[in-house]
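Undergrad: got a sequence here, can you model it:
(one chain, ligands or ions: 2)
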Amino acid sequence: MEMSTVNTQPFSDQRPGTSGLRKKVKVFQQPHYLENFVQSIFDTQQDLKGGILALGGDGRYYNREASQIIIRMAAAHGISKVIVGQGGLLSTPAASCVIRKYKTDGGIILSASHNPGGPDEDFGIKFNTPNGGPAPEGVTEAIYAATKAISEYRIANGEEIDLDSIGTQTLGEMSIEVIDPVTDYAELMQEIFDFKRIHQLFNSGMFVMRFDAMHAITGPYAKRILEETLGAAPGTVINGKPKEDFGGGHPDPNLVHANEIVVLSSGLDAVDFAAASDGDGDRNMVLGRDFFVTPSDSLAVMAANAHLIKGYSDGICGVARSMPTSQAADRVAESLGLECYETPTGWKFFGNLLDAKRITLCGEESFGSGSDHIREKDGLWAVLFWLNLLAVRQEPVDKIIKDHWRQFGRNFYTRYDYEGIDKTAAEALMQHLRDHLTDLPGNPLGDYSVDYADDFTYTDPVDGSVSKNQGIRIGFSDGSRIVYRLSGTGTEGATLRVYLEAYEPDPANHDKETQAVMQPLVAIAKSLAEIESRTGRSEPTVIT
Ligand code: VG1
Ligand code: CO
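TA: Residues are numbered from 1 along each chain as shown. Ligands and ions are numbered 1, 2, ... in the order given. So this is what the prediction gives:
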């Protein structure tokens with residue numbers, strides 16, 4: 001095998017964010033940009049040399065080219081085997097499944113998740129450790145340090161690798177195994193859920209579902225599992241053909257971008273159950289008839305009902321939620337006598353808790369939920385969890401949620417995103433909040449009284465690592481909260497996220513409209529952070 005050693009210079013902007021390195025495609029297409037980052041992964045992860053690497057991506061523009069480059073660099077680095085999804089494809093949860101099942105020494109996932117794709121849009125790359133989860137901060141910081149010192153990388157020369165034929169080929173000493181991207185994942189789902197019961201639900205003739213794959217990676221997964229295995233009617237999966245640009249849309253399963261299934265689940269002809277997943281298949285949105293399930297409630301309901309699901313029938317050992325996620329799951333954990341953890345935003349913080357068997361279920365308000373079956377959030381898993389639950393309880397989605405509220409109280413929840421604002425202004429806004437944190441506790445804000453105000457610091461209970469500056473929390477005496485943080489996944493300017501939560505124990509108030517209930521808190525959040533004067537925005541770009 002012929003190999004080249006290429007001289008290069010560091011790029012200063014290769015620090016991974018909430019979930020890997022995300023940049024515009026044009027940035028990744030600069031000579032050496034991708035190569036520098038990949039070589040930095042290889043140089044910092046000792047076990048990869050002579051080891052096995054899993055590789056796959058969400059199919060967005062540049063996925064194929066990047067896969068070719070990474071495989072050649074793997075060969076030059078002395079990796080013994082690359083397991084790659086056919087066509088260079090693997091959903092993020094499937095990649096995690098493959099890393100664990102084949103005990104690889106890590107994996108590279110090519111994705112910018114819910115960000116748009118195409119030549120002028122976003123691309124991303126992320127390293128997952130041998131437990132199948134996103135690299136923890138210690139690892140991403142080491143990779144970043146390596147990107148700042150890099151002077152050369154190595155790459156094998158030669159012809160294009162055939163990524164489309166299933167089977168094994170070689171490149172020098174290295175073998176490349178192209179696998180079907182769906183099979184291993186589908187088998188895992190079958191172990192966790194009661195496929196027979198879900199099959200009966202679909203066969204009953206009384207249950208209609210739509211799944212919106214948003215022209216992204218979950219199309220083939222959902223078709224195989226829902227339609228071909230579980231007997232859902234053909235056409236259940238919509239927008240099921242993956243496209244490099246996701247059909248020009250945002251593959252982000254929320255009420256704004258996945259509006260197609262919001263419409264299909266409303267009104268007279270509404271389907272019974274609707275769901276969507278994002279670009280790389282790790283997010284989910286779940287809807288009943290005329291009914292939106294907030295991701296925070298979804299996690300709480302899963303925790304409360306896990307014993308009804310085959311894979312969790314022996315009980316769960318604990319739950320975790322990201323800090324901005326509503327406290328609905330905490331109430332379930334308390335009543336079940338389970339440990340409940342509050343972690344910073346991003347799935348990488350759940351890995352240690354899952355590995356140490358301190359938690360079984362975890363979730364984020366950003367349409368993410370998952371369990372110990374893998375180490376990523378998992379969109380289709382969440383959909384199958386709900387399907388299994390609907391099949392067992394034989395009740396509609398809204399009834400399950402309303403019963404849950406009656407038992408535990410309702411955590412009204414909304415998130416305001418101010419996208420594409422000026423970075424300096426966003427940072428100054430956060431600093432202004434930080435500067436006033438000590439003035440707040442004990443004082444009234446509107447009708448609320450501040451209980452605590454801090455910039456969230458997390459100490460990992462397993463390895464003791466400390467993560468600072470994870471978002472401003474303002475907690476009120478009645479359990480309501482306002483949280484502010486800046487996004488770590490965007491590629492343009494800054495995005496301010498404001499998370500609002502209000503607890504309502506009285507069932508007489510549970511049917512109120514979320515935005516109406518949240519208005520007093522919204523007003524406080526806007527004025528406290530001086531959002532309009534500092535960002536020039538009177539309203540957010542997206543409300544979920
Ligand atoms: C967002 C979400 C966060 C999620 C992350 C990755 O991060 O808020 O909860 O873990 O995306 O999800 P940020 O830093 O932009 O708020 V995905 O599906 O984009 O991999
Ligand atoms: Co995603």
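
Undergrad: quick one: contacts for the residue of the stretch 251-400 of the chain found nearest ligand 1?
TA: Closest residue of the stretch 251-400 of the chain to ligand 1, Cβ to the nearest ligand atom: Ser366 (3.5 Å). Every C-beta, even on glycine, is put in place using the N, C-alpha and C of the backbone. Listed by Cβ atoms under 8 Å, 6 or more residues apart in numbering, the contact set of Ser366 reads Arg283, Pro295, Ser322, Thr345, Arg415.

Undergrad: what does the model give it for pLDDT?
TA: The predicted local confidence for Ser366 comes out at a pLDDT of 96.

Undergrad: that one and Thr459: what is the separation?
TA: As judged by Cβ to Cβ, to the nearest Å, Ser366 and Thr459 stand 23 Å apart.

Undergrad: got the residues of the stretch 51-200 of the chain near ligand 2?
TA: Ser113 (Cβ under 5 Å from the ion).

Undergrad: give me the neighbour count for Val208.
TA: 18 (other Cβ atoms under 10 Å).

Undergrad: sorry, slip of the keys, the one I care about is Thr457.
TA: Residues contacting Thr457 under the criterion other Cβ under 10 Å number 11.

Undergrad: likewise the one 5 residues further on?
TA: Val462 has 12 neighbouring residues, counting by other Cβ under 10 Å.

Undergrad: are we agreed that it is in a strand?
TA: No: going by DSSP: H, G, I helix; E, B strand; the rest coil, the assignment for Val462 is coil, not a strand.

Undergrad: surely Glu227 and Tyr221 touch.
TA: No: here Glu227 does not reach Tyr221: they are 10.9 Å apart, not a contact under Cβ atoms under 8 Å.

Undergrad: which one of those two has more residues nearby?
TA: Looking at Glu227 and Tyr221 with other Cβ under 10 Å, you find the greater number of neighbours at Tyr221, namely 25 against 18.

Undergrad: contact partners of whichever strand or helix holds the more buried one?
TA: Counting by DSSP states H and E, the element that carries Tyr221 is helix 218-222. With Cβ under 8 Å, 6+ apart as the test, helix 218-222 has contacts from 89, 91, 94, 181-182, 185-186, 211, 213, 236-237, 239-242, 277, 281, 379-380, 383.

Undergrad: got the end-to-end distance for stretch 474-485?
TA: With Cα to Cα, to the nearest Å as the measure, the ends of stretch 474-485 fall 12 Å from one another.

Undergrad: how far off centre is that stretch?
TA: In terms of Cα atoms, centre = their mean, to the nearest Å, the gap separating the centre of stretch 474-485 from the centre of its chain is 23 Å.

Undergrad: now do stretch 166-181
TA: On Cα atoms, centre = their mean, the centre of stretch 166-181 falls 29 Å from that of its chain.

Undergrad: please save the CA atoms from stretch 311-331 in PDB.
TA: Listed next in PDB are the C-alpha coordinates belonging to stretch 311-331 (Å, rounded to 0.1, in the frame of the first residue of the first chain):
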ATOM      1  CA  GLY A 311     -36.700  -4.900  28.300                       C
ATOM      2  CA  TYR A 312     -37.200  -3.000  31.500                       C
ATOM      3  CA  SER A 313     -39.600  -5.400  33.300                       C
ATOM      4  CA  ASP A 314     -37.100  -6.100  36.000                       C
ATOM      5  CA  GLY A 315     -37.200  -2.400  37.000                       C
ATOM      6  CA  ILE A 316     -35.000   0.500  36.300                       C
ATOM      7  CA  CYS A 317     -32.100   1.600  38.500                       C
ATOM      8  CA  GLY A 318     -32.300   5.400  38.200                       C
ATOM      9  CA  VAL A 319     -33.000   8.200  35.800                       C
ATOM     10  CA  ALA A 320     -31.100  11.300  34.600                       C
ATOM     11  CA  ARG A 321     -32.100  14.400  32.800                       C
ATOM     12  CA  SER A 322     -30.100  17.300  31.400                       C
ATOM     13  CA  MET A 323     -30.300  20.400  33.500                       C
ATOM     14  CA  PRO A 324     -32.700  22.400  31.300                       C
ATOM     15  CA  THR A 325     -35.100  19.500  31.000                       C
ATOM     16  CA  SER A 326     -38.200  19.800  33.200                       C
ATOM     17  CA  GLN A 327     -38.300  18.300  36.600                       C
ATOM     18  CA  ALA A 328     -41.200  16.000  35.700                       C
ATOM     19  CA  ALA A 329     -38.900  12.900  35.800                       C
ATOM     20  CA  ASP A 330     -37.600  13.900  39.200                       C
ATOM     21  CA  ARG A 331     -41.100  13.400  40.700                       C
END
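
Undergrad: need the residues of the stretch 201-350 of the chain near ligand 1, please.
TA: Of all the residues in the stretch 201-350 of the chain, those in contact range of ligand 1 (Cβ under 6 Å from any ligand atom) are Asp278, Asp282, Arg283, Ser322, Thr345, Gly346, Trp347.

Undergrad: just send those residues back as CSV, with neighbour count too.
TA: Converted to CSV, those look like this (neighbours: other Cβ atoms under 10 Å):
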residue, neighbour count
Asp278, 34
Asp282, 34
Arg283, 29
Ser322, 27
Thr345, 26
Gly346, 21
Trp347, 26
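
Undergrad: in helices, which of the residues you listed fall?
TA: Secondary structure assignment (DSSP state H) places none of those within helices.

Undergrad: what's near enough to touch the residue in the stretch 51-200 of the chain positioned nearest to ligand 1?
TA: Per Cβ to the nearest ligand atom, Ser113 is where the stretch 51-200 of the chain lies closest to ligand 1, at 3.0 Å. Under the criterion of Cβ under 8 Å, 6+ apart, the neighbours of Ser113 are Ser19, Arg22, Asp58, Thr92, Gly124, Pro251, Asp278, Gly279, Asp280, Asp282, Arg283, Thr489.

Undergrad: tell me the pLDDT at the second one?
TA: Going back to what we said before, that points to Arg22. The predicted local confidence for Arg22 comes out at a pLDDT of 96.
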